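**Q** Need the 3D shape of this:
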Amino acid sequence: MVLKAMAYLRICVWLTHMLMLHLIIGLEIAALGQTRWFRQGEGSTSWEGGILRPTPDSHHFSDDKSYHEYWEDCENGRVDSSVSIGQCRTFHKLYASGVIMILFSSISMFMLVATILIIYLDMFTKIKILWFSVLTYWISLLFYFFAVILWHGLTWCVYEDHCKHLDWGYDKRYRAHTCAEEGATIALSTLLFHGVATIFYTVTYLGAKKMVKKQDEQSKIETEVVERIDLENHAAKEKEIFMET
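**A** Have a look, this model is predicted:
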């Protein structure tokens, strides 16, 4: 009865981990799919953007062009005098941070998929490399951590209700902070959940490993006791036969 309960508990725990892994992948995809990652400015200077291009309803910039294209226009002098150096620098940082976010998130999700496959192999085949899943889980978290942190750092992203009014005319080299919107918020929340899930998985694995080791030691002790009893019984039987003869 106890063994059945333990087996049922083990299945429930690993199913929970599988659910969490799929949820993290879904959240990372959802974050990348958001069109609004940030907003900048206030009032007439306000505009919004996604990972690689402005949103369709931005006041100042068209979503027909990506940040990379805007940056190339700046580099090649294809912008009018109303576009400042600060704006051009903003496009450069937004493009670089967007590429990093997509690349590192993709690697993170690939590692999560690898973790899922390793768990499946451990549960349903004779291939036992579950320890490797802990490594891939942490690698996934590490890449997503750098993706989120670098994006926030390069874009100067802050979590404020009101972004500062952009004053491009005051300082042409001025580059303003961005204010987080849905995409950035989902990404940061996913990072926190990813961290908790990774720690939970590691603790579960180490606990299961310790339990298996303890069971093996107990089984070894029981086997030694049985063997010792068998030897004593065999010796007693031989002694009895010898005494009868």
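**Q** Can you mark which positions in the helix or strand hosting D122 are buried?
**A** Remark: D122 resides in helix 85-124, with elements defined by DSSP states H and E. For helix 85-124, the neighbour count (16 or more other C-beta atoms under 10 Å) marks 86-88, 90-98, 100-101, 104-105, 107-109, 111-112, 114-116, 118-119, 121-122 as buried. To be clear about C-beta, it is placed using only N, CA and C from the backbone, and glycine gets the same treatment.
**Q** Mind telling me what element A187 is part of?
**A** Short version, using DSSP H and E: A187 is in helix 182-244.
**Q** For that helix, give the mean pLDDT please.
**A** Averaging pLDDT along helix 182-244 yields 73.
**Q** again, but for stretch 12-25
**A** For stretch 12-25, mean pLDDT is 89.
**Q** can you check stretch 125-139 too?
**A** pLDDT averaged over stretch 125-139 gives 88.
**Q** Can you give me the buried ones in it?
**A** 130, 133-134, 136-139.
**Q** do the same with stretch 19-27
**A** 20-21, 24-25, 27.
**Q** Now do that stretch: everything it contacts.
**A** 109, 112-113, 115-116, 119, 186, 189-190, 193-194, 197, 200-201 (C-beta atoms under 8 Å, 6 or more residues apart in numbering).
**Q** Widest-spaced pair of the residues you listed?
**A** I119 and I186 (25.4 Å; C-beta to C-beta).
**Q** mind exporting stretch 92-110 as CSV, just the C-alpha atoms?
**A** Extracted as CSV, the C-alpha positions of stretch 92-110 are listed here (Å, rounded to 0.1, in the frame of the first residue of the first chain):
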residue,chain,number,x,y,z
HIS,A,92,20.2,51.0,-32.3
LYS,A,93,19.7,49.8,-28.7
LEU,A,94,16.1,48.6,-29.4
TYR,A,95,17.3,46.6,-32.3
ALA,A,96,20.3,45.1,-30.4
SER,A,97,18.1,44.2,-27.4
GLY,A,98,15.4,42.7,-29.6
VAL,A,99,17.8,40.4,-31.4
ILE,A,100,19.3,39.3,-28.1
MET,A,101,15.9,38.7,-26.6
ILE,A,102,14.8,36.5,-29.5
LEU,A,103,18.0,34.6,-29.7
PHE,A,104,18.4,33.9,-26.0
SER,A,105,14.7,33.1,-25.6
SER,A,106,15.0,30.6,-28.4
ILE,A,107,18.0,28.9,-26.8
SER,A,108,16.1,28.9,-23.5
MET,A,109,13.1,27.2,-25.0
PHE,A,110,15.3,24.7,-26.9
